[in-house]
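Novice: one predicted model, sequence on top.
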Amino acid sequence: MNFRDFILSCFAVGFVCVASSEPSPPHQSPIVKVFIDAGHGGRDDGARGKFGTLEKKISLELSKLVASKVKARRLNLEVRLSREDDKFLTLTERVTSANRWGADVFVSIHANSSPIPKVHGYEIYFLSSEASDDAAKDLAELENGETPKINSDVESILNDVQTNNHIVESSRFADVMFNAMSKSIAFGRAIRQAPFTVLQGTTMPALLIEAGYVTNKDDAIKLQRPLYLKRLADAISLGVINFVQRDVTYDYDNKTPKRKSSSGSTSSHSDHA
Ligand SMILES: [Zn+2]
C-alpha cells in the first residue's frame, strides 16, 4: 500500500486504521514516493552560462545527489529520477512518468539564466495560471520551450478541485523547502508562481527549483563545484523530508493522519500550517 492509498483508506474508515486499539507492527509506515525530475537533457541544453556551464548537466548532477540523499535519510521512501543520463525527455513524458508511478511529491530541478549578469540565487516555484511577476512569466515561457502556452484546457485543469488542492499543498511544500534551503544556502531570492508545463499535469504536490543563475559568475562557479552541489542537495533533500514528515510521520506519531488540504473540499483534513 502506498501513501495515497493509506490516507484514502484512513479517511474511508474514519481514521480507524490508526486509532485502532490493536497494536500495529513496527515499521508500518506506507511507502512515500518522491519523484525527482532532472530538467532538460539530450538535445535540450537548457540555459547556457558562464564558463560553458550547461543547465542540463547541473540539473542532472544535482538531481542524482538529491535522490541519493533523500534515499539515505529515510527507509520508507522510494525515489525515482526522470532521467539518469543525458537523454531528451518531453515535459509531458516527465509528468506522465511521475503520475503513472503514483508519486507523492514531485521536484523538478533546473538552473536559471538572466540577461542581467548580477542576478543570482536560488528560487522555488509552484504552479499557477498567472505568473507572480514578469520575471516568473518569462522564465515559465523559457522552461516550457516548444510546448504550448497555457490555454483553455489548462485553465480548466487549474479550476479542477483536485488540482487546486495540489496547488495549496505545493504552496506549503514551497514554504517548507524555502525554510530548509535558507538554513544552509546563502541567497534565496523568492518563492514564486508561474504556469510551468512540467507542473501542470502532476497529480501531487509539485515544485520547480532553480538552483542558481548560470549567467552569474559566482553562481556559475559554485554550481560546478561538487561540494556546493552536495550542500544544495542536502538542503533540497531536507526540504523534501521535512514536507513528507509534516504530512506523514508527524501525524502518524500523533495517531491523527491529517494530509493537509485547505481547499475546503476535504473537511476531514486539518490544516495547521
Ligand atoms: Zn530549466
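Specialist: Looks like it came in fine.
Novice: what segments of the chain are helices?
Specialist: 3-12, 16-19, 55-73, 91-101, 134-144, 152-159, 161-182, 197-200, 217-223, 226-247, 249-253 (DSSP state H).
Novice: how about the residues of the stretch 1-150 of the chain near the ion?
Specialist: Proximity of the stretch 1-150 of the chain to the ion (C-beta under 5 Å from the ion) is limited to residues 39, 46, 110, 143. No exception for glycine: its C-beta is placed from N, CA and C like everyone else's.
Novice: at 8 Å instead, please
Specialist: 39-40, 46-47, 55, 59, 110-112, 142-143 (C-beta under 8 Å from the ion).
Novice: which of those count as buried?
Specialist: Neighbour-count burial (16 or more other C-beta atoms under 10 Å) is assigned, among these, to 39-40, 46-47, 55, 59, 110-112, 143.
Novice: any idea which of those residues is closest to the ion?
Specialist: Of all those, the ion sits closest to H110, with 3.3 Å by C-beta to the ion.
Novice: about what we covered before: dump the residues of the stretch 1-150 of the chain next to the ion to CSV, plus pLDDT.
Specialist: As requested, those are exported to CSV (pLDDT from 0 to 100):
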residue, pLDDT
G39, 96
H40, 96
G46, 94
A47, 93
E55, 95
S59, 97
H110, 96
A111, 95
N112, 93
L142, 82
E143, 80
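Novice: check these and tell me the two furthest apart.
Specialist: Spatially, the most separated pair among these is S59 and L142, at 13.8 Å (C-beta to C-beta).
Novice: who touches both of these two?
Specialist: Counting by C-beta atoms under 8 Å, 6 or more residues apart in numbering, S59 and L142 have no common neighbour.
Novice: apart from its neighbours in sequence, what residue is nearest V34?
Specialist: With C-beta to C-beta, 6 or more residues apart in numbering as the criterion, V34 has its nearest non-adjacent residue at 4.8 Å, and that residue is V79.
Novice: the one you found contacts V70, doesn't it?
Specialist: Yes - assessed by C-beta atoms under 8 Å, V79 is found in contact with V70 at 5.2 Å.
Novice: between the two, which one's more packed in?
Specialist: The residue with more neighbours, out of V79 and V70, is V70; 25 against 21, by other C-beta atoms under 10 Å.
Novice: and the closest residue to the more buried one other than its chain neighbours, how many neighbours?
Specialist: In this structure, V70 finds its nearest non-sequential neighbour in S237, 4.5 Å apart by C-beta to C-beta, 6+ apart. Each residue near S237 was counted by other C-beta under 10 Å, and the total is 26.
Novice: could you do A186 as well?
Specialist: 10.
Novice: residue contacts, it?
Specialist: The contact partners of A186, taken as C-beta under 8 Å, 6+ apart, number zero.
Novice: and the gap between T203 and F106?
Specialist: From T203 across to F106, the span is 9 Å (C-beta to C-beta, to the nearest Å).
Novice: more neighbours, these two?
Specialist: It is F106, of T203 and F106, that has more neighbours when counted by other C-beta under 10 Å, with 27 against 18.
Novice: ok so, going back, residue contacts, the residue nearest to V34?
Specialist: Taking C-beta under 8 Å, 6+ apart, one finds 33-36, 67, 70-71 in contact with V79.
Novice: between which two of those is the distance greatest?
Specialist: Longest span within the contacts of V79, C-beta to C-beta: F35 and K71, 13.0 Å.
Novice: which of the two has more neighbours?
Specialist: Set side by side, F35 and K71 show more neighbours around F35, with 26 against 14, by other C-beta under 10 Å.
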